[in-house]
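Visitor: sequence-free structure coming up:
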(Lines give C-alpha, C1' and ligand atoms only; values in the text may rest on other atoms or scores of the structure.)
Protein backbone atom coordinates (compact mmCIF):
# COMPACT_ATOMS: atom_id res chain seq x y z
CA UNK A 1 0.00 0.00 0.00
CA UNK A 2 0.99 3.66 -0.10
CA UNK A 3 2.60 5.31 2.95
CA UNK A 4 0.73 5.60 6.21
CA UNK A 5 0.34 9.38 5.93
CA UNK A 6 -1.57 8.86 2.70
CA UNK A 7 -3.60 6.12 4.38
CA UNK A 8 -4.61 8.52 7.16
CA UNK A 9 -5.73 11.10 4.61
CA UNK A 10 -8.04 8.46 3.13
CA UNK A 11 -9.49 7.61 6.54
CA UNK A 12 -7.54 4.36 6.94
CA UNK A 13 -6.52 3.63 10.53
CA UNK A 14 -3.50 1.35 11.06
CA UNK A 15 -2.23 0.65 14.56
CA UNK A 16 1.51 1.44 14.94
CA UNK A 17 2.27 -2.20 15.79
CA UNK A 18 0.48 -3.60 12.74
CA UNK A 19 2.45 -4.75 9.68
CA UNK A 20 0.94 -3.87 6.30
CA UNK A 21 3.24 -5.03 3.54
CA UNK A 22 3.91 -2.83 0.50
CA UNK A 23 1.43 -3.65 -2.25
CA UNK A 24 -1.57 -4.23 0.04
CA UNK A 25 -4.60 -2.13 -0.92
CA UNK A 26 -6.81 -0.78 1.86
CA UNK A 27 -9.87 1.26 0.91
CA UNK A 28 -11.23 4.30 2.74
CA UNK A 29 -12.42 3.70 6.27
CA UNK A 30 -10.52 0.45 6.83
CA UNK A 31 -9.25 -0.08 10.37
CA UNK A 32 -6.36 -2.40 11.25
CA UNK A 33 -5.78 -3.40 14.86
CA UNK A 34 -2.62 -3.97 16.93
CA UNK A 35 -0.12 -6.66 15.91
CA UNK A 36 -2.09 -7.59 12.79
CA UNK A 37 -0.20 -8.68 9.66
CA UNK A 38 -1.55 -7.96 6.16
CA UNK A 39 0.28 -9.36 3.15
CA UNK A 40 1.30 -7.66 -0.07
CA UNK A 41 -1.45 -9.19 -2.25
CA UNK A 42 -4.34 -8.40 0.07
CA UNK A 43 -7.19 -6.09 -0.99
CA UNK A 44 -9.64 -4.85 1.69
CA UNK A 45 -12.83 -2.95 0.88
CA UNK A 46 -14.26 0.22 2.34
CA UNK A 47 -15.22 0.29 6.00
CA UNK A 48 -13.94 -3.17 6.92
CA UNK A 49 -12.62 -3.49 10.47
CA UNK A 50 -9.71 -5.85 11.11
CA UNK A 51 -9.10 -6.61 14.79
CA UNK A 52 -5.84 -7.25 16.65
CA UNK A 53 -3.54 -10.21 16.02
CA UNK A 54 -5.17 -11.10 12.69
CA UNK A 55 -3.13 -12.56 9.81
CA UNK A 56 -4.38 -11.99 6.25
CA UNK A 57 -2.08 -13.29 3.56
CA UNK A 58 -1.88 -14.62 0.02
CA UNK A 59 -4.04 -13.30 -2.82
CA UNK A 60 -6.99 -12.39 -0.61
CA UNK A 61 -9.77 -9.96 -1.47
CA UNK A 62 -12.18 -8.86 1.27
CA UNK A 63 -15.17 -6.66 0.45
CA UNK A 64 -16.85 -3.77 2.22
CA UNK A 65 -18.19 -3.51 5.74
CA UNK A 66 -16.79 -6.75 7.13
CA UNK A 67 -15.71 -7.25 10.73
CA UNK A 68 -12.79 -9.62 11.39
CA UNK A 69 -12.15 -10.32 15.06
CA UNK A 70 -8.88 -11.05 16.84
CA UNK A 71 -6.68 -14.04 16.02
CA UNK A 72 -8.43 -14.94 12.76
CA UNK A 73 -6.31 -16.36 9.91
CA UNK A 74 -7.43 -15.66 6.34
CA UNK A 75 -5.67 -16.70 3.13
CA UNK A 76 -3.11 -19.11 4.55
CA UNK A 77 -1.85 -21.97 2.40
CA UNK A 78 -4.31 -24.85 2.10
CA UNK A 79 -3.89 -27.87 4.34
CA UNK A 80 -3.50 -30.15 1.34
CA UNK A 81 -0.35 -32.16 0.65
CA UNK A 82 -0.85 -31.66 -3.09
CA UNK A 83 -0.41 -27.92 -2.70
CA UNK A 84 2.90 -26.78 -4.19
CA UNK A 85 2.89 -23.04 -3.60
CA UNK A 86 0.63 -22.16 -6.53
CA UNK A 87 -0.88 -18.67 -6.71
CA UNK A 88 -4.39 -19.34 -5.42
CA UNK A 89 -6.86 -17.07 -3.68
CA UNK A 90 -9.59 -16.25 -1.16
CA UNK A 91 -12.52 -13.99 -2.04
CA UNK A 92 -14.89 -12.69 0.66
CA UNK A 93 -17.90 -10.48 -0.03
CA UNK A 94 -19.51 -7.70 2.00
CA UNK A 95 -20.96 -7.43 5.48
CA UNK A 96 -19.55 -10.63 6.94
CA UNK A 97 -18.76 -11.21 10.61
CA UNK A 98 -15.70 -13.42 11.14
CA UNK A 99 -15.08 -14.12 14.80
CA UNK A 100 -12.09 -15.18 16.89
CA UNK A 101 -9.75 -17.98 15.70
CA UNK A 102 -11.58 -18.53 12.41
CA UNK A 103 -9.35 -20.04 9.71
CA UNK A 104 -10.10 -19.61 6.00
CA UNK A 105 -7.59 -21.27 3.65
CA UNK A 106 -7.00 -20.33 0.03
CA UNK A 107 -7.83 -22.62 -2.90
CA UNK A 108 -5.87 -25.18 -4.89
CA UNK A 109 -5.25 -25.72 -8.59
CA UNK A 110 -7.04 -29.07 -8.32
CA UNK A 111 -10.26 -27.02 -8.12
CA UNK A 112 -11.11 -23.47 -9.26
CA UNK A 113 -8.19 -22.14 -7.24
CA UNK A 114 -10.31 -19.86 -5.04
CA UNK A 115 -12.11 -20.22 -1.73
CA UNK A 116 -15.22 -18.02 -1.94
CA UNK A 117 -17.52 -16.60 0.73
CA UNK A 118 -20.53 -14.44 -0.12
CA UNK A 119 -22.22 -11.63 1.82
CA UNK A 120 -23.70 -11.18 5.30
CA UNK A 121 -22.46 -14.45 6.74
CA UNK A 122 -22.08 -14.96 10.48
CA UNK A 123 -19.01 -17.12 11.13
CA UNK A 124 -18.53 -17.75 14.83
CA UNK A 125 -15.40 -18.47 16.83
CA UNK A 126 -13.05 -21.33 15.90
CA UNK A 127 -14.75 -22.20 12.60
CA UNK A 128 -12.59 -23.73 9.85
CA UNK A 129 -13.24 -23.15 6.14
CA UNK A 130 -10.90 -25.34 4.09
CA UNK A 131 -9.51 -24.85 0.60
CA UNK A 132 -11.79 -24.43 -2.42
CA UNK A 133 -15.01 -24.14 -0.41
CA UNK A 134 -17.92 -22.10 -1.74
CA UNK A 135 -20.17 -20.46 0.84
CA UNK A 136 -23.20 -18.47 -0.25
CA UNK A 137 -24.75 -15.56 1.65
CA UNK A 138 -26.64 -15.14 4.94
CA UNK A 139 -25.31 -18.39 6.41
CA UNK A 140 -24.54 -19.05 10.07
CA UNK A 141 -21.59 -21.22 11.14
CA UNK A 142 -21.82 -21.79 14.89
CA UNK A 143 -18.74 -22.26 17.08
CA UNK A 144 -16.31 -25.07 16.25
CA UNK A 145 -18.03 -26.09 13.04
CA UNK A 146 -15.78 -26.91 10.11
CA UNK A 147 -16.00 -27.78 6.44
CA UNK A 148 -13.35 -29.78 4.59
CA UNK A 149 -12.04 -29.01 1.12
CA UNK A 150 -14.36 -28.43 -1.86
CA UNK A 151 -17.54 -28.21 0.26
CA UNK A 152 -20.45 -26.14 -1.12
CA UNK A 153 -22.82 -24.32 1.24
CA UNK A 154 -26.02 -22.69 -0.04
CA UNK A 155 -27.57 -19.40 1.05
CA UNK A 156 -29.20 -19.20 4.49
CA UNK A 157 -27.83 -22.57 5.64
CA UNK A 158 -27.27 -22.85 9.41
CA UNK A 159 -24.58 -25.15 10.81
CA UNK A 160 -25.00 -25.93 14.49
CA UNK A 161 -22.06 -25.86 16.89
CA UNK A 162 -19.50 -28.57 16.17
CA UNK A 163 -20.96 -29.54 12.79
CA UNK A 164 -18.32 -31.14 10.54
CA UNK A 165 -18.65 -31.71 6.80
CA UNK A 166 -16.59 -34.23 4.82
CA UNK A 167 -14.78 -33.01 1.72
CA UNK A 168 -16.92 -32.39 -1.38
CA UNK A 169 -20.18 -32.51 0.57
CA UNK A 170 -22.91 -30.14 -0.62
CA UNK A 171 -25.06 -28.35 1.96
CA UNK A 172 -28.26 -27.01 0.45
CA UNK A 173 -29.85 -23.59 0.89
CA UNK A 174 -32.02 -23.02 3.99
CA UNK A 175 -30.87 -26.29 5.55
CA UNK A 176 -30.12 -26.68 9.26
CA UNK A 177 -27.90 -28.96 11.31
CA UNK A 178 -28.02 -29.69 15.03
CA UNK A 179 -25.07 -29.49 17.37
CA UNK A 180 -22.34 -32.06 16.71
CA UNK A 181 -23.67 -33.16 13.33
CA UNK A 182 -21.33 -35.16 11.07
CA UNK A 183 -22.11 -34.74 7.37
CA UNK A 184 -20.52 -37.40 5.19
CA UNK A 185 -23.20 -37.05 2.51
CA UNK A 186 -25.04 -34.16 0.88
CA UNK A 187 -27.67 -32.30 2.90
CA UNK A 188 -30.61 -31.30 0.66
CA UNK A 189 -31.97 -27.74 0.72
CA UNK A 190 -34.67 -26.92 3.27
CA UNK A 191 -33.92 -30.07 5.33
CA UNK A 192 -33.01 -30.38 9.04
CA UNK A 193 -30.40 -32.95 10.05
CA UNK A 194 -28.56 -34.00 13.19
CA UNK A 195 -26.40 -36.81 14.53
CA UNK A 196 -23.29 -38.83 13.79
CA UNK A 197 -23.81 -39.93 11.03
CA UNK A 198 -26.30 -37.23 10.15
CA UNK A 199 -29.95 -38.22 9.81
CA UNK A 200 -32.72 -36.09 8.32
CA UNK A 201 -35.53 -34.87 10.59
CA UNK A 202 -37.90 -33.08 8.27
CA UNK A 203 -38.15 -29.67 6.69
CA UNK A 204 -36.61 -26.62 8.37
CA UNK A 205 -40.05 -25.17 9.03
CA UNK A 206 -39.05 -22.68 11.73
CA UNK A 207 -36.28 -21.21 9.60
CA UNK A 208 -38.51 -20.90 6.55
CA UNK A 209 -41.27 -19.16 8.51
CA UNK A 210 -38.72 -16.80 10.01
CA UNK A 211 -37.64 -15.83 6.49
CA UNK A 212 -41.16 -15.21 5.26
CA UNK A 213 -41.88 -18.32 3.21
CA UNK A 214 -45.58 -18.78 2.52
CA UNK A 215 -47.34 -21.65 4.28
CA UNK A 216 -48.25 -23.12 0.90
CA UNK A 217 -44.57 -23.40 -0.04
CA UNK A 218 -43.73 -25.00 3.32
CA UNK A 219 -46.55 -27.50 2.86
CA UNK A 220 -45.32 -28.35 -0.65
CA UNK A 221 -41.81 -28.95 0.68
CA UNK A 222 -43.16 -31.17 3.46
CA UNK A 223 -44.99 -33.27 0.87
CA UNK A 224 -41.84 -33.52 -1.26
CA UNK A 225 -39.87 -34.56 1.82
CA UNK A 226 -42.39 -37.30 2.66
CA UNK A 227 -42.28 -38.50 -0.94
CA UNK A 228 -38.49 -38.75 -0.89
CA UNK A 229 -37.92 -39.98 2.65
CA UNK A 230 -40.96 -41.95 3.72
CA UNK A 231 -42.13 -43.53 0.52
CA UNK A 232 -40.92 -46.75 -1.05
CA UNK A 233 -40.31 -45.39 -4.54
CA UNK A 234 -37.42 -46.42 -6.75
CA UNK A 235 -35.13 -43.72 -8.21
CA UNK A 236 -37.09 -43.27 -11.44
CA UNK A 237 -40.48 -43.33 -9.68
CA UNK A 238 -39.21 -40.77 -7.19
CA UNK A 239 -37.93 -38.54 -9.95
CA UNK A 240 -41.28 -38.57 -11.72
CA UNK A 241 -43.25 -38.00 -8.51
CA UNK A 242 -41.13 -35.01 -7.51
CA UNK A 243 -41.21 -33.70 -11.05
CA UNK A 244 -45.00 -33.59 -10.89
CA UNK A 245 -44.95 -31.81 -7.51
CA UNK A 246 -42.30 -29.33 -8.70
CA UNK A 247 -44.50 -28.06 -11.52
CA UNK A 248 -46.28 -25.72 -9.10
CA UNK A 249 -43.41 -24.87 -6.71
CA UNK A 250 -39.91 -23.55 -7.48
CA UNK A 251 -38.62 -24.65 -4.07
CA UNK A 252 -39.71 -28.23 -4.65
CA UNK A 253 -37.94 -28.14 -8.00
CA UNK A 254 -34.73 -27.04 -6.26
CA UNK A 255 -35.15 -29.86 -3.74
CA UNK A 256 -35.74 -32.43 -6.50
CA UNK A 257 -32.83 -31.22 -8.63
CA UNK A 258 -30.49 -31.39 -5.64
CA UNK A 259 -31.43 -35.02 -4.98
CA UNK A 260 -30.99 -35.90 -8.65
CA UNK A 261 -27.57 -34.25 -8.82
CA UNK A 262 -26.18 -35.86 -5.66
CA UNK A 263 -23.12 -37.87 -6.70
CA UNK A 264 -22.23 -39.09 -3.20
CA UNK A 265 -25.74 -39.69 -1.90
CA UNK A 266 -27.71 -37.51 0.47
CA UNK A 267 -28.52 -37.57 4.17
CA UNK A 268 -31.40 -40.00 4.89
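Guide: Happy to help now that I have it. Predicted model, so just to flag it, every value in this text is computed and none were measured.

Visitor: how many neighbours does residue 31 have?
Guide: By the other CB atoms under 10 Å criterion, the neighbourhood of residue 31 contains 19 residues. For the C-beta atoms, the positions are set from N, CA and C on the backbone; glycine is no exception.

Visitor: I'd say it and residue 13 touch.
Guide: Yes: with the criterion set as CB atoms under 8 Å, residue 31 and residue 13 qualify as a contacting pair; they are 4.4 Å apart.

Visitor: and the closest residue to residue 218 other than its chain neighbours, how far from residue 156?
Guide: Using CB to CB, 6 or more residues apart in numbering and skipping the chain neighbours, the partner closest in space to residue 218 is residue 208 (5.4 Å). From residue 208 across to residue 156, the span is 9 Å (CB to CB, to the nearest Å).

Visitor: okay, domains of this structure per the record?
Guide: Dividing the chain into domains by automatic domain parsing, as the record does, gives the ranges 4-204, 209-261.

Visitor: need the ones you listed in CSV with distance to residue 268 and mean pLDDT, can you?
Guide: Below are the domains of the chain laid out as CSV (distance: least, CB to CB, whole Å; pLDDT from 0 to 100):
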stretch, distance to residue 268, mean pLDDT
domain 4-204, 6, 97
domain 209-261, 7, 96
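
Visitor: mean neighbour count, the ones you listed: which tops it?
Guide: With neighbours taken as mean count of other CB atoms under 10 Å, those reach their highest mean count in domain 4-204, at a mean of 20.

Visitor: now it, how far from the chain's geometric center?
Guide: In terms of CA atoms, centre = their mean, to the nearest Å, the centre of domain 4-204 is set 7 Å apart from its chain centre.

Visitor: re earlier: touching both of residue 208 and residue 156, which residues are there?
Guide: For the pair residue 208 and residue 156, residues contacting each of them under the criterion CB atoms under 8 Å, 6 or more residues apart in numbering are residue 174.

Visitor: ok, for residue 262, nearest residue in space, not its chain neighbours?
Guide: With CB to CB, 6+ apart as the criterion, residue 262 has its nearest non-adjacent residue at 4.6 Å, and that residue is residue 186.

Visitor: with residue 196 instead?
Guide: Nearest-residue entry for residue 196: residue 182, 4.1 Å, with adjacent residues in sequence omitted and distances by CB to CB, 6+ apart.

Visitor: contacts only, for the one you found.
Guide: Residues 163-164, 166, 195-198 are the ones in contact with residue 182 under the rule CB under 8 Å, 6+ apart.

Visitor: next secondary structure after the longest helix along the chain?
Guide: Ranked by residue count under DSSP state H, the longest helix found in the chain is helix 215-229. Following helix 215-229 in sequence order, the next helix or strand is helix 235-246 (DSSP states H and E).

Visitor: which residues does that following helix contact?
Guide: Under the contact criterion CB under 8 Å, 6+ apart, helix 235-246 has outside partners 220, 223-224, 227-228, 231, 233, 252-253, 255-256, 259-260.

Visitor: in JSON lines: those residues, plus distance to residue 138.
Guide: Formatted as JSON lines, the entries for these read as follows, by distance: CB to CB, whole Å:
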{"residue": "220", "distance to residue 138": "22"}
{"residue": "223", "distance to residue 138": "26"}
{"residue": "224", "distance to residue 138": "23"}
{"residue": "227", "distance to residue 138": "28"}
{"residue": "228", "distance to residue 138": "25"}
{"residue": "231", "distance to residue 138": "32"}
{"residue": "233", "distance to residue 138": "33"}
{"residue": "252", "distance to residue 138": "21"}
{"residue": "253", "distance to residue 138": "21"}
{"residue": "255", "distance to residue 138": "19"}
{"residue": "256", "distance to residue 138": "23"}
{"residue": "259", "distance to residue 138": "23"}
{"residue": "260", "distance to residue 138": "25"}
